[in-house]
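Enquirer: this is the structure alone, sequence omitted:
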């Protein structure tokens, strides 16, 4: 039952994240004066199972403006490309607090 509730919450959080990221990307693209600041973030993983890491990496990649580009060989971190990187810690906290939390509920 815990995993079912986690799956519903993960789907809702993921849908919200995708919609919010789409709006942020549209605002960034439609503003001619704003310049994007692309960059990479190292995201330390708390999830450990291969299924959880794969689900989290795919959720990050399917969210507009972010893309998982690598996994550390010891599976301790993901490297994430961010289209507009203003605050790396904010990106880590957002992924951890929203996506990784619910991925852990479902897959671990």
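Expert: Structure's in. What do you need? Computed from a predicted model, the values in this text were never measured in an experiment.
Enquirer: can you list the buried residues in stretch 87-107?
Expert: 91-92, 94-96, 98-107 (16 or more other C-beta atoms under 10 Å). For glycine as for every other residue, the C-beta is placed from the backbone atoms N, C-alpha and C.
Enquirer: quick one: contacts for the residue nearest the centre of the chain?
Expert: Residue closest to the mean C-alpha point of the chain, counted by C-alpha atoms, centre = their mean, is residue 60 at 3.4 Å. Applying C-beta atoms under 8 Å, 6 or more residues apart in numbering, we find residue 60 in contact with 43, 66-68, 78, 80, 95, 99.
Enquirer: state the distance from residue 99 to residue 33.
Expert: Using C-beta to C-beta, to the nearest Å, residue 99 is found at 31 Å from residue 33.
Enquirer: what about residue 25, distance to residue 92?
Expert: Distance, residue 25 to residue 92, using C-beta to C-beta: 20 Å.
Enquirer: what of residue 86?
Expert: Between residue 86 and residue 92 the distance is 13 Å, computed by C-beta to C-beta.
Enquirer: just residue 85 next, same as before
Expert: For residue 85 relative to residue 92 (C-beta to C-beta), the value is 11 Å.
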